[in-house]
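Enquirer: any chance you can model this:
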Amino acid sequence: QLQFVESGGGLVQPGGSLRLSCVASGFSLDSYTIGWFHQAPGKERAGVSCISRMSSSTNYAHSVKGRFTISRDNAKNTVYLQMNNLKPEDTGVYYCAASKGPLFNLCVLNEAIYWGQGTQVTVSS
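Expert: Residues are numbered from 1 along each chain as shown. I've put the predicted structure just below:
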């Protein structure tokens, strides 16, 4: 059974940090471009950051550049999103997704094959 499971979300104060993890089972991540997506309350899901299969290329939304870092460990079939200096506008559900296509198609056009179920991040004092 193909499955994508996110974890690491929670409640954090502004300025705090969280590390999200996304573990794949039933398929090998090293064949896929992987992305993290954010859906704020009442808004559409949008790409936050994406990483190529061998980590040679990454992409970040302007709003998270310098604060978030995406990485992957293909041996562990896991992708991470380190989120620092969190802001209230980072609140929402974070999803990971996999694509066979290029970074742009995944991160900007949301063209994914697999989606996780999401993990909630709440940034509030």
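Enquirer: next, the contact list for N59, please.
Expert: Residues counted as contacts of N59 (CB atoms under 8 Å, 6 or more residues apart in numbering) are 47, 49-51, 103-104, 107. No exception for glycine: its C-beta is placed from N, CA and C like everyone else's.
Enquirer: how about Y80: what's its closest non-neighbour residue?
Expert: Excluding the flanking residues, the one nearest Y80 by CB to CB, 6 or more residues apart in numbering is S71, at 4.9 Å.
Enquirer: remind me which helix or strand the one you found belongs to.
Expert: Using DSSP states H and E, S71 falls within strand 68-73.
Enquirer: and that strand, what does it pack against?
Expert: The helices and strands touching strand 68-73, judged by 3 or more CB pairs under 8 Å, 6 or more residues apart in numbering; DSSP states H and E, are strand 33-39, strand 46-51, strand 58-60, strand 78-83.
Enquirer: again, only this time at 7 Å
Expert: Other helices and strands packing on strand 68-73, by 3 or more CB pairs under 7 Å, 6 or more residues apart in numbering; DSSP states H and E, are strand 46-51, strand 78-83.
Enquirer: and that strand, what's buried?
Expert: Using 16 or more other CB atoms under 10 Å as the test for burial, strand 68-73 gives 68-70, 72.
Enquirer: let me know the closest of those residues to S31.
Expert: Distance to S31, by CB to CB, is smallest for R72 among these, at 12.1 Å.
Enquirer: confirm for me that that closest one is in contact with I34.
Expert: Yes: using CB atoms under 7 Å, R72 makes contact with I34 at a distance of 6.2 Å.
Enquirer: what sits in contact with each of those two?
Expert: 51, 79 (CB atoms under 7 Å, 6 or more residues apart in numbering).
Enquirer: ok so, going back, got JSON lines for the contacts of N59, with distance to V5, pLDDT and neighbour count too?
Expert: Compiled in JSON lines, those are given as follows (distance: CB to CB, whole Å; pLDDT from 0 to 100; neighbours: other CB atoms under 10 Å):
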{"residue": "G47", "distance to V5": "20", "pLDDT": "96", "neighbour count": "21"}
{"residue": "S49", "distance to V5": "18", "pLDDT": "97", "neighbour count": "25"}
{"residue": "C50", "distance to V5": "19", "pLDDT": "97", "neighbour count": "27"}
{"residue": "I51", "distance to V5": "18", "pLDDT": "96", "neighbour count": "25"}
{"residue": "L103", "distance to V5": "23", "pLDDT": "91", "neighbour count": "20"}
{"residue": "F104", "distance to V5": "26", "pLDDT": "89", "neighbour count": "13"}
{"residue": "C107", "distance to V5": "21", "pLDDT": "92", "neighbour count": "26"}
